[in-house]
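Asks: Fold the following for me, if possible:
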Amino acid sequence: MLFNSLEFLAFLIIFLGLWPLLRRQRNRRWIGIVAASFFFYGWWDWRFCFLLVGSGLVDFFAAGAMQRYPQRKKLLLLVSIAANLGTLATFKYLDFAIDNLNALLPALGIDSQLAPMRLMLPIGISFYTFQSMSYTIDVYRGQIAPTRNVLHFFAYLAMFPQVVAGPVVRASSMLDQLDAPVCPTERDRWEGLQLMVRGFFKKMVIADGLAPLVAAAFDNTTVVPSAAYWWIIMAMFAFQIYGDFSGYSDIARGIARWMGYDFPLNFNHPYLATSFRDFWSRWHISLSTWFRDYVYVPLGGSQRGVWRSHANLWATMLISGLWHGAAWTFVGWGAVHAACLSIERITHWPRRLLALPGGRHAAALVVFATVLLGWVFFRATSFAQAGTVLAMMFGTHGLNTAAVHQLLHWRDLVPLAIMLLYHGWLHFDPPLPRLHWAGPVLQPAALAMLIWCCVYLRGPGNAFIYFQF
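Replies: Numbers count the residues shown, from 1 in each chain. I've put the predicted structure just below:
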């Protein structure tokens, strides 16, 4: 069930209509959330509900057993991690491994080939396995106590606003919220409405408006020979994926606020970052902190010497790249960011640049341009295509006005112009006046304008990009 569908709108109206009756009593509240969440998740394919239940039950019982049998905590943790990663590897990476092995076998003198499984990827599996696994790890570390109620656990794990594409919510914050009585205030409803409308605008106008142009560029069998064309296309993709994913997060956070819950901020204007460390503190925050806490720190973090810290950084970013998709291009994307972070640590170039007049703007431009180069690997279907696009971006074809003219239809550029103006406004130094005194007038008017844009300037409806992860 897509957020940007009439089916979801009807589902949400019914759920929020019943929520005042469900939220008052704890067990009734958990039953209501679990029932609605499994209905929402099973809308795509009800069979995948069994996978979500199975994965969750392993972690629920493993965490409970850790408290009961503390001497076997490590074994129980290994069982939980093996079950989660095994499920993820089977559905997401098995065919990837088979394809790579089949490509390697002829070089080893073996003529036979393994038959690929071509399993359907359960939607949101990467998100809920990470969320479930973090629960048992936190119990193992003694950071939280395991819940004894399976409904309480599944209300946290399967909560429908975020089960498919995040944010990756931590049990340490969500279990307590679910246990306490909830009564959303008028401020919660108003801020939740703003979040949802902004989220739908980012998705339906920005992301869906830019998607056809980006898809046409990458699906074209002939790469357009124009540097300017490809820099514009990559800027479009940058805002497409930002609008798509941050839009989903905003909608999820807005629904949670209407329920009386608080999901963590997941995006904080990442394209205003003045360093790559700053970028990863702003982009997909819930996932980047997950990799920091459950991969980078357990590997040793920066506590075991300079070169070991770089190795840990590279391992974390390469794993993060592979998490995004079963393809070497995603690993290449992770390698680009790992290299940029390592160079930044060694040279401290952002700090040096920020000390110069206009350095903040220059640093933001350098980071944004380099992020665009990384997005080439993320969007390309192969290293060959990525290499061709990069060659065009740094080639001698220059402007090629005929190619660029294809992108200059006013309606196609409206989404990109809106995002660039918005980020330019935020990045202005000194800050432009925010007109807080006019908030009671401007905020409803702005909200009405965004709703109008969602109705009349929306692009062709597409599934959210991160559903594939």
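
Asks: Quick one: find the helix or strand in the chain with the lowest mean pLDDT.
Replies: helix 410-427 (a mean of 58; mean pLDDT, DSSP states H and E).

Asks: so how many other residues sit close to residue 219?
Replies: When neighbours are counted by other CB atoms under 10 Å, residue 219 registers 8. C-beta here means a position set from N, CA and C on the backbone, and glycine is covered the same way.

Asks: ignore the last one, residue 3
Replies: 22.

Asks: Repeat that for residue 85.
Replies: 13.

Asks: Was I right to think residue 364 contacts residue 276?
Replies: No - when contacts are counted by CB atoms under 8 Å, residue 364 is not listed as touching residue 276 (11.6 Å).

Asks: who has more neighbours, these two?
Replies: Between residue 364 and residue 276, residue 276 has the larger neighbour count (other CB under 10 Å), namely 25 against 22.

Asks: Can you spell out the domain ranges of the chain, please?
Replies: 6-109+117-183, 187-468 (automatic domain parsing).

Asks: host element of the closest residue to residue 380 other than its chain neighbours?
Replies: For residue 380, ignoring the flanking residues on the chain, the nearest one in space by CB to CB, 6 or more residues apart in numbering is residue 386 at 3.8 Å. Following DSSP states H and E, one finds residue 386 within helix 383-393.

Asks: Quick check: buried residues in that helix?
Replies: 385-386, 388-390, 392-393 (16 or more other CB atoms under 10 Å).

Asks: what mean pLDDT would you report for stretch 388-399?
Replies: For stretch 388-399, the mean per-residue pLDDT is 83.

Asks: and what of stretch 130-139?
Replies: 94.

Asks: Tell me where the model's unsure across the chain.
Replies: 398-441, 463, 466-469 (pLDDT under 70).

Asks: got the contact list for the residue nearest to residue 380?
Replies: With contacts defined as CB atoms under 8 Å, 6 or more residues apart in numbering, residue 386 is in contact with 329, 332, 376-377, 380.

Asks: redo that, cut-off 10 Å
Replies: 329, 332-333, 373, 375-380 (CB atoms under 10 Å, 6 or more residues apart in numbering).

Asks: Next: residue 367.
Replies: Residue 367 touches 270-279, 340, 344, 350, counting by CB under 10 Å, 6+ apart.

Asks: got TSV for those residues, with secondary structure and distance to residue 163 too?
Replies: TSV is the format used below for these (DSSP: H, G, I helix; E, B strand; the rest coil; distance: CB to CB, whole Å):
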residue	secondary structure	distance to residue 163
270	helix	24
271	helix	28
272	helix	30
273	coil	29
274	coil	34
275	coil	33
276	helix	30
277	helix	30
278	helix	30
279	helix	27
340	helix	32
344	helix	35
350	helix	37
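
Asks: want to throw the residues you listed into a markdown table with distance to residue 9?
Replies: Shown next, in a markdown table, are those (distance: CB to CB, whole Å):
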| residue | distance to residue 9 |
| --- | --- |
| 270 | 29 |
| 271 | 30 |
| 272 | 32 |
| 273 | 35 |
| 274 | 39 |
| 275 | 40 |
| 276 | 39 |
| 277 | 40 |
| 278 | 37 |
| 279 | 34 |
| 340 | 41 |
| 344 | 44 |
| 350 | 44 |
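
Asks: Most neighbours among these, which one?
Replies: Counting neighbours by other CB under 10 Å, residue 276 comes out on top of the contacts of residue 367 with 25 neighbours.

Asks: That residue touches residue 347, doesn't it?
Replies: No - taking contacts as CB atoms under 10 Å, residue 276 lies outside contact range of residue 347: 11.7 Å.

Asks: All set, thanks.
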